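Student: I need the structure of the sequence given here:
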Amino acid sequence: MHSRQIFVTEEDSERLQQIIRSAAAASSKDWEHLDMLQHELDRAEVVPSEEIPADVVTMNSRVLLRNLDTGIETTYTLVFPRDANVAQGRISILAPIGTAMIGYRAGDEIVSRSPAGEKRFEVRKVLFQPEAAAIAA
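Tutor: As a prediction, this is how the structure comes out:
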């Protein structure tokens, strides 16, 4: 799917694995999204929160993306499914664009695959990352 190394915090990895297990136990209809997320987690380098680079997209990060086909820039916050609200730009990790964002860095190109087709984005900037904010505080 992707060739770049991605990073995930230990806490995010644990919580995301729990979401995958819970959804699988509930016979979720989101198998494809769960499989994509599991694939990303399987290939990620899992690091302690204090060691995650500040330009990496983690859970609850606010990110500026540029659609490489249209040039349109959009800001999203990557959230857990229960906190998703598309109207507020809060995108679930289980949405194709959410799964595509996790672990990537500013400057990286990501691909979001959905039934509507494939979309390419550039991670322009990580505007807020909770781990970096905690270290700075």
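Student: next, count neighbours for residue 88.
Tutor: A count of nearby residues for residue 88, using other CB atoms under 10 Å, gives 11. Every C-beta, even on glycine, is put in place using the N, C-alpha and C of the backbone.
Student: what's near enough to touch it?
Tutor: Residue 88 makes contact with residue 77, according to CB atoms under 8 Å, 6 or more residues apart in numbering.
Student: same check on the one 4 residues further on?
Tutor: The neighbourhood of residue 92, defined by CB under 8 Å, 6+ apart, consists of 79, 80, 81, 83, 84, 98.
Student: and the residue positioned nearest the centre of the chain, how far from residue 86?
Tutor: Per CA atoms, centre = their mean, the C-alpha nearest to the average position across the chain is that of residue 102, at 2.5 Å. As judged by CB to CB, to the nearest Å, residue 102 and residue 86 stand 17 Å apart.
Student: over to residue 123?
Tutor: Distance, residue 123 to residue 86, by CB to CB: 19 Å.
Student: what's in contact with the lowest-mean-pLDDT helix or strand in the chain?
Tutor: Within the chain, no helix or strand scores below helix 130-136, which has a mean of 81 by mean pLDDT, DSSP states H and E. For helix 130-136, contacts defined as CB under 8 Å, 6+ apart pick out 9, 49, 50, 52, 54, 58, 59, 60, 61, 126.
Student: correct me if wrong, but the third one is in a strand.
Tutor: No - assessed with DSSP: H, G, I helix; E, B strand; the rest coil, residue 50 is helix; it does not lie in a strand.
Student: buried ones in the longest strand belonging to the chain?
Tutor: In the chain, assigned by DSSP state E, the strand with the most residues is strand 117-128. Across strand 117-128, burial judged by 16 or more other CB atoms under 10 Å covers 119, 121, 122, 123, 125, 126.
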